[in-house]
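Student: Fold the stuff below for me.
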Amino acid sequence: MLYACPVLAHVGIATTVPDQDAVIEQAPTIIRFVFPGEVTITNVRLRPVDAYLAITGDTITLKLPRNRVGQSTAFGKEIDLEIPLLENGSYQVVFQATSIEGHVLADDFVFTISPE
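Tutor: Purely as a prediction, here's the structure:
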């Protein structure tokens, strides 16, 4: 006997600014996440890395906007988060988000700040 099973779509990352493997001339002031569906970002860390993704400095945990009970309010399809001034180099952005259906997404991307 066959039973019908519902297929649940998982929300994945669509695009980021800076983009994966982007080389930019100037340090960004924000990181933009654009998802195909609404999510809440629950954790974002910036890690300075070398070409092999080995961590080369202190990890920066981004401060997320939160409500009175401490829950993240970084919610929507497009989410901009302010970041501190970064020095030249490569950074791995590691993040977690939860879709409105409760699915957890963990992903990362790397960008490089190089003035030349």
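
Student: Skip the chain neighbours and tell me the closest residue to Ala22.
Tutor: Phe111 (4.6 Å; Cβ to Cβ, 6 or more residues apart in numbering). In this view, the C-beta of every residue, glycine as well, is placed from N, C-alpha and C.

Student: hang on, I meant Gln96
Tutor: Nearest to Gln96 is Asn43, by Cβ to Cβ, 6+ apart, at 4.4 Å.

Student: how close does the residue nearest the centre of the chain get to Val39?
Tutor: Compute the mean C-alpha point of the chain, and by Cα atoms, centre = their mean the closest residue is Phe95, 4.3 Å away. Using Cβ to Cβ, to the nearest Å, one gets 10 Å for the distance from Phe95 to Val39.

Student: Which residues are in contact with Glu87?
Tutor: 27, 48, 113 (Cβ atoms under 8 Å, 6 or more residues apart in numbering).

Student: Assign a three-state SS to it, would you?
Tutor: coil (DSSP: H, G, I helix; E, B strand; the rest coil).

Student: okay, Ala14: pLDDT?
Tutor: As predicted, Ala14 sits at a pLDDT of 72.

Student: Kindly list the longest strand within the protein.
Tutor: Counting residues, the longest strand found in the chain (DSSP state E) is strand 30-49.

Student: In it, which residues are buried?
Tutor: 31, 33, 35, 39-42, 44, 46-49 (16 or more other Cβ atoms under 10 Å).

Student: Put together TSV for those residues, with distance to Glu82 on each row.
Tutor: Shown next, in TSV, are the buried residues of strand 30-49 (distance: Cβ to Cβ, whole Å):
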residue	distance to Glu82
Ile31	8
Phe33	13
Phe35	19
Val39	18
Thr40	17
Ile41	13
Thr42	17
Val44	11
Leu46	12
Arg47	18
Pro48	18
Val49	21
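
Student: out of those, who's nearest Val104?
Tutor: Taking Cβ to Cβ as the measure, Val104 lies nearest Thr42 of the buried residues of strand 30-49, at 8.2 Å.
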